[in-house]
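Trainee: here's my sequence, what's the structure:
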Amino acid sequence: MDITSSSINKPPLHEHPLFPSAMFTLSVCDGCHIKGYMYDSYFCNEVSCSFRLHKECAEAPLEINHHPSHPEHPLLLTNDSPTEDGTCNFCGQKLLSPYYTCPTCAFRVDFICGIKPSPCAIEHPVCHDHTLVFLKKRGEEKVRCELCKKSIRGPSYSCQECNSVYFHLDCVHLSREVNHPCHSNHPVKIIASESLKDDYAEKNCLLCSVEPTKMLYRCSVCNFTVCLGCTKLPPPLVVDHAKTHAHPLRLVSSKLCFTCRVCGIEDYETKWSYVCFDCDFVIHGNCIGFPRVININRHDHRISFTYHHGRGRPKCGVCQGDVSQYCGAYICSVCPNYTVHSRCAFDYTVWNGVELEGIPESSEEIALLSFKVLGHIMIRHFNEKHILLFLNNYDMVRDWYERLRCPACVRPLGFGPVYFCKECGFIIHEKCARLPWKKRLVFDPSPYTLEYNPSIYVDCKLCGMICDGFMYTSQGIKKSYQYIDVHCGSISEPLVHIVHSHPLYFGKRNYWHCDVCDRYADYMLTCCGDCGFYLCLYCATLPEKIWYMSDEHPLTLSCDGNESGENWCDVCESELDPSELFFACSDCELVLHVRCGLGDFSRLKPGRIYTFGERDYKVVINYSYTRPFCSHCRFRCKVPVILKDCDKDDGYICSRSCLSSSLGV
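Mentor: Next up, the predicted model:
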């Protein structure tokens, strides 16, 4: 991939310039809409744009004269959306963008039929003994291809002499026996996959590792197996890409046990491998054309690819595994020890897909501050038009602490230094005032932006909490976690937590349970690579200290790893597991479950009114000694912050589960 190489700009196909790529990519071409491995392609280098074309499709003409199906007028390439019931006038398939159209008479053909129209008849096909004629798609009728045995859903070729003999358009050029370019020793013959009964017979394609389900080509002498897809579009025998290697690389279609010089993975590789015999250089086919300079969501600086980083065996900044100094890796020129495995950096959940080589570095590539420094103790915050003053010791009346909350994290302002405004009374935690305005988070390869809208709340799917404070938002490709509260967005690696003796790092697991609260975490949590310890983001974002109405001292987040003694929660009066996190006061011996000390609505600002379902609820403090009953579970509301139905005098909700049940969710 070379962003400095010449690009092409096809306005009818794509709004951005397209650049050549040497990568082997399993993708769908946005021109012909065919899915498969693309060995030579053009791609869009814009953020959040995954547009990619085959080289042949990218170089398609903008105008076609004397098309076999419409010779009287020229056909023009367009990217306009066709009508819902639009079909190609040549093959009868549903019309997709882009396509060719005649401005004179509205004749339209799809992209493939425009650049490679199928002949009306094939007199001497290699796959059959008789002449084959082209047939348009016929409604929903399905027939089976005589060669690959799969259903034909579109146009086909048919034999008029034989009854019910049909071929796919791309199967008609294959025969029962072919001389495959990747196996020149012997011809390969087509056989049914189920006929491979021998335990030693290679059942997977030796080029792409896919196991064919119907038919395959095979050389029984060499135990060489190749799928029909790699027969129709074989990988190149020679790759000459100077940025991957100085010499041409030649395809090796046999299994090799080797260590790839780019990704460093040592295995019994079954996919394409390429070798330079002069240099003893071996590389996976899908490691050719790796980007040279990129940004990843685990680091604030650019990282660059190198074959020899010379840093010993540093830990990978993504997976925390050792990085060999003898194989390729990505390094940061600013941070002397930051190194990432090639495969970890190239992961599309980590990298945003943009090649930065030849592109000047801009200020947007680093974490941008959300404030402007005006003096030694003065700043101007992005959310406040007035000047904020720094106050190291904030003395506050205890009765007000629940009412005075930080607008960013929605936690009480009773701990730590703050910034405040003399004119309007705006107060914010110092650490919250210094949150980056733009930041890369591990949840998406695209950058996140800090925003605040007091009229909405964030239902953070990572920690499972509802928050109406500041939020990080992303418009990236991966939209699963588009809105994240600042608690999850503020976690940095490595995370040092009281529940574990080793530093914790972000990890992706589906339905993995937290070793502290035993809840299942969907997709993202923090983990220890040394001992397999997992901590969910709810536990990871718990406050270190809280106030509680019946104690004059702050309660501290604690965990008794030795599980010694018995503790009872002073709120719900049930036994507390000392191996789990809890809040405790060492002076008064007050102990609370985390849920009892915080509740599910502790990140909602008291006094705010929000709509859940079709009802309006007000966020209220529950610090009176006479606790109201929850209108759903009928127990007294024990947590410090609850919801009150605005249309009912006694319509209180104590937890998120009760809220969901009352709404019928």
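
Trainee: so where's the stretch 501-650 of the chain shaky on pLDDT?
Mentor: Along the stretch 501-650 of the chain, segments meeting pLDDT under 70 span 510-511, 550-551, 561-565.

Trainee: please compute how far the helix ranked longest in the chain lies from its chain's middle.
Mentor: For the chain, the helix with the greatest residue count under DSSP state H is helix 656-662. Relative to its chain's centre, helix 656-662 lies at 31 Å (CA atoms, centre = their mean, to the nearest Å).

Trainee: leaving aside the residues adjacent along the chain, what's closest to A408?
Mentor: C432 (3.6 Å; CB to CB, 6 or more residues apart in numbering). Backbone N, C-alpha and C define where each C-beta goes, glycine included.

Trainee: could you report the pLDDT at the one you found?
Mentor: pLDDT for C432: 87.

Trainee: how about V178?
Mentor: pLDDT, V178: 90.

Trainee: likewise L450?
Mentor: 88.

Trainee: contacting residues around it?
Mentor: Listed by CB atoms under 8 Å, 6 or more residues apart in numbering, the contact set of L450 reads 370, 382, 435-439, 470-472, 486.

Trainee: out of the residues you listed, which is most surrounded?
Mentor: For the contacts of L450, the largest neighbour count, defined by other CB atoms under 10 Å, is 28 neighbours, found at Y472.

Trainee: so which helix or strand takes in that one?
Mentor: Following DSSP states H and E, one finds Y472 within strand 471-473.

Trainee: could you look up the SS state of the residue of the chain positioned farthest from its centre?
Mentor: Most distant residue from the mean C-alpha position of the chain: E161, 52.4 Å away (CA atoms, centre = their mean). Secondary structure state of E161, per DSSP: H, G, I helix; E, B strand; the rest coil, is coil.

Trainee: surely it meets H130?
Mentor: Yes. At 4.7 Å, E161 counts as touching H130 under the criterion of CB atoms under 8 Å.

Trainee: picking up where we left off before, got a list of what the residue nearest to A408 touches?
Mentor: 406, 408-409, 470, 486.

Trainee: can you do 6 Å?
Mentor: By CB atoms under 6 Å, 6 or more residues apart in numbering, C432 lies in contact with 406, 408-409.

Trainee: confirm that it sits in a helix.
Mentor: Yes. Counting by three-state DSSP, C432 is located in a helix.

Trainee: look at D267 and report its pLDDT.
Mentor: 67.

Trainee: how close does V282 sit to P248?
Mentor: V282 is 14 Å from P248, where distance means CB to CB, to the nearest Å.

Trainee: show me which of those two is the more surrounded one.
Mentor: V282 (19 against 14).

Trainee: quick one: the residue nearest to A408 and P417, what's the gap?
Mentor: C432 is 11 Å from P417, by CB to CB.

Trainee: could you give the bridge partners of V133?
Mentor: A121, S158 (DSSP bridges).

Trainee: isn't it right up against A121?
Mentor: Yes. Using CB atoms under 6 Å, V133 is in contact with A121, at 4.9 Å.

Trainee: tell me the secondary structure for the nearest residue in space to C646 that is not next to it in sequence?
Mentor: In space, and not counting its chain neighbours, C646 is closest to D616: 4.3 Å by CB to CB, 6+ apart. Recorded secondary structure, D616: strand (three-state DSSP).

Trainee: would you map the strands across the stretch 51-200 of the chain?
Mentor: 52-54, 63-64, 75-78, 99-101, 108-110, 121-122, 132-135, 143-144, 151-152, 156-159, 166-167, 177-178, 188-192 (DSSP state E, counting those that start in this stretch).

Trainee: let me fix that, I meant to ask about the stretch 301-450 of the chain.
Mentor: Using DSSP E, counting those that start in this stretch, strands in the stretch 301-450 of the chain cover 303-306, 329-331, 339-341, 368-369, 371-373, 378-381, 388-391, 418-420, 427-429, 436-439, 448-451.

Trainee: for those, which has the smallest mean pLDDT value?
Mentor: Looking at the strands of the stretch 301-450 of the chain, the weakest mean confidence is strand 368-369, a mean of 67.

Trainee: coming back round to it: next, format the strands of the stretch 51-200 of the chain as TSV and append mean neighbour count and distance to Q320.
Mentor: As requested, the strands of the stretch 51-200 of the chain are exported to TSV (neighbours: other CB atoms under 10 Å; distance: least, CB to CB, whole Å):
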stretch	mean neighbour count	distance to Q320
strand 52-54	23	32
strand 63-64	14	54
strand 75-78	20	49
strand 99-101	24	49
strand 108-110	24	48
strand 121-122	16	57
strand 132-135	18	57
strand 143-144	15	50
strand 151-152	17	47
strand 156-159	22	53
strand 166-167	22	52
strand 177-178	14	47
strand 188-192	16	44
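
Trainee: and stretch 184-192, end to end?
Mentor: 22 Å (CA to CA, to the nearest Å).

Trainee: how much distance is there from it to the middle of the chain?
Mentor: 40 Å.

Trainee: what do you get for stretch 452-468?
Mentor: With CA atoms, centre = their mean, you get 21 Å for stretch 452-468.

Trainee: could you do stretch 407-419 as well?
Mentor: With CA atoms, centre = their mean, you get 33 Å for stretch 407-419.

Trainee: show residues contacting it.
Mentor: Residues contacting stretch 407-419 (CB under 6 Å, 6+ apart): 388, 390-392, 394, 396, 401, 404-406, 427-430, 432-433, 467, 469-470, 486, 543, 545, 547, 603, 605.

Trainee: of these, grab the buried ones for PyMOL.
Mentor: Typed into PyMOL, the line below selects the buried ones among the contacts of stretch 407-419, using 16 or more other CB atoms under 10 Å:
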select buried, resi 388+394+404+405+406+427+428+429+430+432+433+467+469+470+486+543+547+603+605
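
Trainee: follow-up on the earlier one: so the residue nearest to C646 bridges to which residues?
Mentor: Counting by DSSP bridges, D616 forms beta bridges with T611.

Trainee: tell me how far it lies from D647.
Mentor: Taking CB to CB, one finds D616 at 7 Å from D647.

Trainee: just the contacts of L450 now: which is nearest P103?
Mentor: For these, the closest approach to P103 (CB to CB) belongs to K438, at 45.3 Å.

Trainee: was I right to think that closest one contacts P447?
Mentor: Yes. Counting by CB under 6 Å, K438 does reach P447; the two are 5.5 Å apart.

Trainee: returning to that earlier point: would CSV of the strands of the stretch 51-200 of the chain with distance to V641 be doable?
Mentor: Shown next, in CSV, are those (distance: least, CB to CB, whole Å):
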stretch, distance to V641
strand 52-54, 49
strand 63-64, 67
strand 75-78, 57
strand 99-101, 57
strand 108-110, 59
strand 121-122, 75
strand 132-135, 69
strand 143-144, 64
strand 151-152, 59
strand 156-159, 66
strand 166-167, 68
strand 177-178, 71
strand 188-192, 66
